[in-house]
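**Q** Structure, please.
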Amino acid sequence: MRNVLLILLLISLPGCQPGKESPARSTALREVKRLIDQDSFPARYIIMYEEPSNGIGSIYKITPANSPLLEGSLERPEKVIKYKDRYICLMNPMESIDMPKEKLIEITDYPNDTTGPIYYDKIWYIGVSKNGKKHTLVSTTYKSRLTYCYYSFPQLLEYTFKDYDSTHFPRFILSSYSLVVDSSYVPKGTLTNHIQRIDGEIYYTDVLDEYFKEDKDSIHKDFFAVLNGKDTLKLNVVDTIIQHLYFESENNAAFFRSLTKDPWDKLYDLLRDSTFYFCGEKGKYIRYSVPYSDFFWLFSIHDSRSYEYVDERYRRGTKQSLKDLYGSYDKWDAD
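**A** This next block holds a predicted model:
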């Protein structure tokens, strides 16, 4: 009986609940609390957003905020931890449940907060190994779009990519992509036989990369492509902006028709696992894998004629509340 009471007491104590947080998140939380102890955050709210997370590790973006909602998307945290006079807001776009609006107000009383709005330009990233035993803290201030791309910081690569770290980083990283469909596509309908091409961005790690020195008119010029068995979808680079190559795929109807069962999930898997850079070396092509950032959970779909936004798709595992937010604000607000 004494042992049972002791177990119940331990479970009831804050922070002593077994399995409460993953090892990676626990390590990141300790680091955030340490930063609060050092008075690093001028804001009352600290958003701790879990970005890519896989079998290797997790990356958390830490930003001071004027409210417990994610600015821009109004995403709510799944959990709020009060530490001293600050509120740590834990968010994860994948397979989590947002805190109900009433509960969030009960904990933070944010609608009555009169301290803001204040502009904050500093951002922290915490990369953590899956077992939580190793982590890296990176602090930066907003300079360009790259500030919001975790993969532009070499110190974080080992926490999301298997074969790369701060001393050995990939030449290219597939950042994001969107779909272009024909005008007969019906929103929320099947993508089968409607995909015309893929548009997207590829990040290059070295601004002096040999890619920019080659003869683009050569018949043996380097190129990017996605492979699906014997089918090849070339990705044609059309522009370069802020250390990203912008591409449009060729219009390869046969490639897209081969994605029969579930075109969206199949295409996601192919882009993640089978995107390559083909480099001409000594009269033949050598292919190099292009890793995928897995950074975005929302993907836009555009009409091929007008390029107007007509629909969206989500990364596998995206939580329902985010889908509701983009589908119906009233439904999201009522939850």
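**Q** quick one: low-confidence parts of this protein?
**A** Judged against pLDDT under 70, the low-scoring parts of the chain cover residues 1-19, 116, 215-219, 326-335.
**Q** How is it partitioned into domains?
**A** Each domain of the chain is listed here as a residue range: 17-159, 172-331, per automatic domain parsing.
**Q** Asp165: which of these is closest?
**A** With C-beta to C-beta as the criterion, Asp165 lies closest to domain 17-159 of these, at 3.9 Å. In short, each C-beta sits where N, CA and C put it, glycine included.
**Q** what about Val180, which SS state?
**A** When the structure is reduced to helix, strand and coil (DSSP: H, G, I helix; E, B strand; the rest coil), Val180 reads as strand.
**Q** list the contacts for it?
**A** Contacts for Val180 (C-beta atoms under 8 Å, 6 or more residues apart in numbering) come out as Ile195, Gln196, Arg197, Ile198, Asp199, Ile301, His302, Asp303, Ser304, Tyr307.
**Q** Of those residues - the most surrounded one?
**A** The most crowded member of the contacts of Val180 is Ile195, carrying 25 neighbours; neighbours defined as other C-beta atoms under 10 Å.
**Q** isn't that residue right next to Tyr177, touching?
**A** No - here Ile195 does not reach Tyr177: they are 11.6 Å apart, not a contact under C-beta atoms under 8 Å.
**Q** where do the helices sit along the protein?
**A** Counting by DSSP state H, the chain has these helices, from start to end: 2-12, 23-37, 101-108, 253-257, 263-273, 320-327, 329-334.
**Q** These: which one's closest to Arg86?
**A** For these, distance to Arg86 was read as C-beta to C-beta. The smallest value, 5.4 Å, belongs to helix 23-37.
**Q** Can you name every helix or strand that the closest one contacts?
**A** For helix 23-37, the packing partners by 3 or more C-beta pairs under 8 Å, 6 or more residues apart in numbering; DSSP states H and E come out as strand 45-53, strand 57-65, strand 79-83, strand 86-91, strand 122-129, strand 135-141.
**Q** Any chance of TSV for these, columns distance to Asp324 and mean neighbour count?
**A** Compiled in TSV, these are given as follows (distance: least, C-beta to C-beta, whole Å; neighbours: other C-beta atoms under 10 Å):
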stretch	distance to Asp324	mean neighbour count
strand 45-53	19	22
strand 57-65	22	23
strand 79-83	19	16
strand 86-91	15	23
strand 122-129	27	22
strand 135-141	32	15
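**Q** so who does the residue nearest to the spatial centre of the chain touch?
**A** Geometric centre of the chain, nearest residue: Phe295, 2.1 Å, by C-alpha atoms, centre = their mean. If a contact means C-beta under 8 Å, 6+ apart, then Phe295 has Glu51, Pro52, Cys149, Tyr150, Tyr151, Ser175, Ser176 as its contacts.
**Q** Which ones among those map onto strands?
**A** Of the positions in these, Glu51, Pro52, Ser175, Ser176 sit in strands, assigned by DSSP state E.
**Q** just checking, Asp121 touches Tyr142?
**A** Yes - in this structure Asp121 lies within contact range of Tyr142 using C-beta under 8 Å: 4.4 Å.
**Q** ok so, going back, indicate which one of the helices and strands packed on helix 23-37 is closest to Gly317.
**A** Of these, nearest to Gly317 by C-beta to C-beta is strand 45-53, at 10.2 Å.
**Q** Strands of the stretch 151-300 of the chain, residue ranges please.
**A** For the stretch 151-300 of the chain, strands defined by DSSP state E, counting those that start in this stretch occupy the ranges 172-181, 195-204, 223-228, 231-241, 244-249, 275-281, 284-289, 298-303.
**Q** Can you list the helices and strands that the longest one packs against?
**A** Pointing back at strand 231-241 there. strand 195-204, strand 223-228, strand 244-249, helix 253-257.
**Q** starting at the chain centroid, how far to it?
**A** With C-alpha atoms, centre = their mean, to the nearest Å as the basis, strand 231-241 stands 22 Å off its chain's centre.
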